[in-house]
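Enquirer: dropping the sequence and predicted coords here.
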Amino acid sequence: MITPVILWTDALIFILIATVLWLIFGAAQKDYLRQQWRKAYAHPARMASMVILLCFVVIGIVDSLHYRQHTNQVKSVLDWLMQPTAEQQETTYSAPFATELFTRQMIKDAQGNITWVTPKLQFVHPENVLNKVLIAVGEGLSFWLLLSAIYWFVFVKLYNFHIYVGVPWRTAWLTLGMISVLIFVAKHLMYSYHIFGTDKIGGDVFYASVKSIRTGLVIGTLTTFITLPFAILFGAMAGYFRGWVDDTIQYVYITISSVPGVLLIAASVLTLEVVMQRHQDLFSLMAQRTDMRLLILCCVLGLTSWTDLCRIIRGETLKLRDQDFILASRAMGLSNLQIIRKHIVPNLVHIILISLVLDFSGLVLAEAVLSYVGVGVDPTTYSWGNMINSARMELGRDPVIWWSLFGAFILMFSLVLAANIFADGVRDAFDPKAV
């Protein structure tokens with residue numbers, strides 16, 4: 001019997017998705033917002049980066065659908081899709097597409113003779129790689145053409161969906177086609193080989209790299225949205241009321257900025273460990289323990305990183321409070337809170353959006369750094385930081401074991417690069433000072 005399991009981060013992710021969809025629906029009703037968003041992805045590179053980001057988001061959502069079957073082990077839909085790679089484990093290191101272990105082992109034969117050999121991998125089934133790639137490319141292109149036909153028939157023919165001129169849809173579909181081909185190629189190859197090799201305990205590096213996508217997205221999105229209420233509320237109040245309110249808020253965020261973030265995160269993680277040890281009945285599943293540590297890390301990062309955005313909002317509010325439309329609102333009898341809600345905050349939307357997309361990639365990299373120094377997510381959690389941390393000692397070996405670092409690097413680089421390119425588009429579209 002399959003029992004659905006909803007972790008804290010799962011619930012927050014679904015709430016966040018519902019909120020974003022609601023904001024998108026609201027923005028679609030306003031023509032000037034539609035025009036600005038069209039500028040954000042008008043360049044082909046930005047459109048391609050947006051498609052790549054959406055694919056990462058889909059993987060993260062699929063990995064957030066957790067369930068439990070017969071045992072206390074919590075799995076996700078992504079684990080089911082990547083079977084049997086998720087469950088097959090070799091004994092130790094093996095290189096990408098290898099058929100033997102990376103290191104020699106001592107084997108005793110039937111006659112009692114001891115020899116040093118490189119054993120064959122248990123879960124590798126050598127086949128013609130070129131043939132499998134060609135079949136996968138054909139299936140990927142067929143799937144892409146099927147999606148294109150469904151889109152054209154449903155949205156264009158039936159509902160007369162308007163395709164905006166100037167938007168690089170061709171780039172979007174070509175990028176989606178390339179991603180479809182890559183997914184089908186990986187699907188075919190991972191059943192016969194370890195695409196990125198195996199780690200120290202024999203786990204598949206490609207599987208660990210894909211599983212780490214959810215952790216990076218959770219850190220980047222949840223942390224960013226935790227910072228928003230503090231930054232907007234305190235920044236707008238400090239800039240609008242000035243006086244003792246401004247002095248108090250400045251004192252608070254200057255004090256928080258003076259506290260080393262790594263020390264605060266380490267103290268929070270250690271405190272959480274003590275709490276979980278004393279209340280083990282609340283964390284009966286290992287997945288709940290690791291998920292709570294991930295959530296606490298997001299909260300601590302959010303509580304320590306809102307100060308920079310608060311400073312920016314405060315400075316912008318100081319300029320807005322003396323504008324003519326604010327003075328006219330006061331003369332009409334609007335209260336201070338009404339002025340902040342109706343006139344100040346809407347004029348800060350461009351700053352908030354730009355900060356959101358720019359901070360996302362920085363937080364993804366921050367998780368890797370924190371896990372590398374040992375104060376990040378739980379060591380049992382799949383994350384790029386943990387992969388880099390476990391691979392650092394192997395870079396000094398001869399020959400070098402490089403594939404664990406490569407697996408984490410290639411996906412983290414793709415996500416951060418796509419986020420930065422799309423962030424540039426958002427900044428150019430919403431920043432009134434941009435040319």
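Expert: Okay, I see it.
Enquirer: identify the residues contacting Thr85.
Expert: 190-191, 204, 206-207 (CB atoms under 8 Å, 6 or more residues apart in numbering). Where you see a C-beta, it was placed from the backbone N, CA and C, and this is true even at glycine.
Enquirer: just curious, which of those is nearest to Gly60?
Expert: Within these, the smallest distance to Gly60 is 15.2 Å, found for Tyr207 (CB to CB).
Enquirer: how far is the strand or helix carrying the closest one from where the chain is centred?
Expert: For Tyr207, the host element (DSSP states H and E) is helix 205-241. On the basis of CA atoms, centre = their mean, to the nearest Å, helix 205-241 sits 10 Å off its chain's mean C-alpha point.
Enquirer: please look at Phe56 and Ala418 and confirm they touch.
Expert: Yes: with contacts counted by CB atoms under 8 Å, Phe56 reaches Ala418, the gap being 7.5 Å.
Enquirer: returning to what we had before: okay, the angle between the next helix-or-strand element following the helix holding Tyr207 and helix 205-241?
Expert: Once helix 205-241 ends, the next helix or strand along the chain (criterion: DSSP H and E) is helix 243-258. If you take axes from the mean of the first three to the mean of the last three CA atoms, to 10 degrees, helix 243-258 sits at 160 degrees to helix 205-241.
Enquirer: give me the contact list for the following helix or strand past helix 243-258.
Expert: Downstream of helix 243-258, the next assigned helix or strand under DSSP H and E is helix 261-278. For helix 261-278, contacts defined as CB under 8 Å, 6+ apart pick out 282-283, 289, 292-293, 296-297, 300-301, 304-305, 370, 373, 375-376.
Enquirer: who's more crowded, Phe56 and Ala418?
Expert: Neighbours were counted for Phe56 and for Ala418 using other CB atoms under 10 Å; Ala418 has more, 22 against 19.
Enquirer: list the helices and strands the helix or strand encompassing that one packs on?
Expert: Taking DSSP H and E as the definition, Ala418 sits inside helix 403-430. Other elements packing on helix 403-430 under the criterion 3 or more CB pairs under 8 Å, 6 or more residues apart in numbering; DSSP states H and E are helix 31-40, helix 44-62, helix 205-241, helix 349-373, helix 384-391.
Enquirer: show the average pLDDT along the shortest one.
Expert: In this case it means helix 384-391. Mean per-residue pLDDT for helix 384-391: 83.
Enquirer: angle of that helix against helix 205-241?
Expert: Using the same axes, to 10 degrees: helix 384-391 against helix 205-241 is 130 degrees.
Enquirer: name the helices or strands packed onto helix 384-391?
Expert: Partner elements for helix 384-391 (3+ CB pairs under 8 Å, 6+ apart): helix 205-241, helix 349-373, helix 403-430.
Enquirer: next, the angle from it to helix 403-430.
Expert: Orientation check (the same axes, to 10 degrees): helix 384-391 against helix 403-430 gives 150 degrees.
Enquirer: chain center to helix 384-391, what's the gap?
Expert: What separates the centre of helix 384-391 from the centre of its chain is 16 Å, taken as CA atoms, centre = their mean.
Enquirer: which residues sit against that helix?
Expert: Contacts to helix 384-391, defined as CB under 8 Å, 6+ apart, come from residues 199-200, 205, 208-209, 212, 215-216, 367-372, 374, 376-377, 379, 401, 404-405, 407-409, 411-412.
Enquirer: just stretch 66-84 next, same as before
Expert: For stretch 66-84, the surrounding residues in contact (CB under 8 Å, 6+ apart) are 1-7, 10, 59, 62-65, 86, 123, 190-191, 207, 210-211, 214, 284-287.
Enquirer: before we move on, what about stretch 175-182?
Expert: Here stretch 175-182 has contacts from 47-48, 51-52, 55, 136-137, 140-141, 143-144, 147, using CB under 8 Å, 6+ apart.
Enquirer: how about CSV for those residues, with neighbour count, distance to Ser361 and pLDDT added?
Expert: As requested, these are arranged in CSV below (neighbours: other CB atoms under 10 Å; distance: CB to CB, whole Å; pLDDT from 0 to 100):
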residue, neighbour count, distance to Ser361, pLDDT
Met47, 24, 18, 88
Ala48, 22, 16, 90
Val51, 20, 17, 90
Ile52, 21, 13, 92
Cys55, 20, 16, 92
Ala136, 19, 30, 88
Val137, 16, 31, 90
Gly140, 22, 28, 90
Leu141, 14, 31, 91
Phe143, 16, 30, 90
Trp144, 19, 28, 89
Leu147, 14, 28, 84
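Enquirer: quick check, nearest of those to Thr19?
Expert: Taking CB to CB as the measure, Thr19 lies nearest Cys55 of the contacts of stretch 175-182, at 21.0 Å.
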